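Undergrad: generate coordinates for the sequence data below:
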Amino acid sequence: MQIKFDPKILQMNDIVRGDFFSQDGQQPLFTKDYRNDSGTASIQLNRMPGSPGITGGGVLVTLNFQAVGKGATAVTVSNLGLKNSQGQAIAAAPPQLSVTVK
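TA: Residues are numbered from 1 along each chain as shown. Predicted coordinates:
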């Protein structure tokens, strides 16, 4: 997934992997790259090849931001690619978060 944010208002401090993909003891593949100068981040989170699918609910990732300016902005997720255990695409609306820093 790709994340965009306004670097004049928000600074990303970290991206932390959640526990949803590891609830059965499997360790997922996780990479993160965030660039505060451009207000972008990319995250890859995958189950290991050959791992069974997982169902239920839980946290995939936690985005940690710090306010660095005042104003209203949005944190948007694009290129959200979800797949089922057979590798088939799952349709999902990309989330968006409105943020106001006073």
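
Undergrad: contacts for the helix or strand of the chain with the lowest mean pLDDT, please.
TA: One helix or strand of the chain scores below all others by mean pLDDT, DSSP states H and E: strand 82-83, with a mean of 83. With CB atoms under 8 Å, 6 or more residues apart in numbering as the test, strand 82-83 has contacts from 89-90, 92. The C-beta positions use only the backbone N, C-alpha and C, and glycine is treated the same way.

Undergrad: please list the members of those that lie in strands.
TA: 89-90 (DSSP state E).

Undergrad: show me which of the contacts of strand 82-83 is closest to T76.
TA: Closest to T76 out of the contacts of strand 82-83 is A92 (14.1 Å), distances taken as CB to CB.

Undergrad: contact partners for the closest one?
TA: Going by CB under 8 Å, 6+ apart, A92 touches 80, 82.

Undergrad: how much space separates it from D33?
TA: From A92 across to D33, the span is 22 Å (CB to CB, to the nearest Å).
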